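J.: Build me a model:
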Amino acid sequence: MLIEFMLILLKIALIISLCVIVYQDINERKVYLWILFAIVALFGFLHFQQSLPEQFFLTILSNIGVVFTIVFVLFLYAKLKLKLPFADTFGLGDVIFFLAIAIGFPTITFMILFSFSLFFSLILFLLLKKPLRHETVPLAGLQALFFSLILLLNSAFNFINLYQF
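T.: You can find the predicted model right below:
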């Protein structure tokens, strides 16, 4: 009973942190409270509690490898194709958010949720482009919105076990 209560508190803290990331990134294009990324990394605790330690560490390594591959490809694209500095095309907060999410899910779940969060972010940005004050995409914020909705809906309706392999 106590463990269930603690998990509910953890999920509430995650949702609040994700919502603050959404607010800060959309309004300022920066997340000022870096501790929020550490709280988002607590998705990893939810992942850890439902897997074997060996599986947990292997999936984290795999997910981080995916994130570094994506960031490396974006770096090359920015440098070679766009001829822009990487910092002008992709924010440090986005990379840190990617890494925080990477430890939170098994590899298959991570790849699916990560892909859909990028698609969700693109569609939402295109729909909200005119009312937004900045021309850049608040990627970490829009992805945080996606993950908060996933966590909230899955906790409320228990659609699927996000940590099942």
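J.: which residue is nearest the centroid of the chain?
T.: residue 101 (4.3 Å; Cα atoms, centre = their mean).
J.: hang on, isn't that residue packed against residue 42?
T.: No. With contact defined as Cβ atoms under 8 Å, residue 101 does not count as touching residue 42 (11.2 Å). Bear in mind the C-beta positions are built from the backbone N, C-alpha and C, glycine included.
J.: other SSEs contacting the helix or strand hosting the residue nearest to the centre of the chain?
T.: Taking DSSP states H and E as the definition, one finds residue 101 inside helix 92-102. If you count contacts as 3 or more Cβ pairs under 8 Å, 6 or more residues apart in numbering; DSSP states H and E, helix 92-102 packs onto helix 35-40, helix 53-76, helix 107-128, helix 139-157.
J.: Let's have those in CSV, adding distance to residue 85 and mean neighbour count.
T.: CSV is the format used below for the helices and strands packed on helix 92-102 (distance: least, Cβ to Cβ, whole Å; neighbours: other Cβ atoms under 10 Å):
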stretch, distance to residue 85, mean neighbour count
helix 35-40, 23, 18
helix 53-76, 10, 15
helix 107-128, 22, 15
helix 139-157, 17, 20
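J.: so which of these gets nearest residue 83?
T.: Among those, the nearest to residue 83 by Cβ to Cβ is helix 53-76 (11.9 Å).
J.: Alright, I will stop here.
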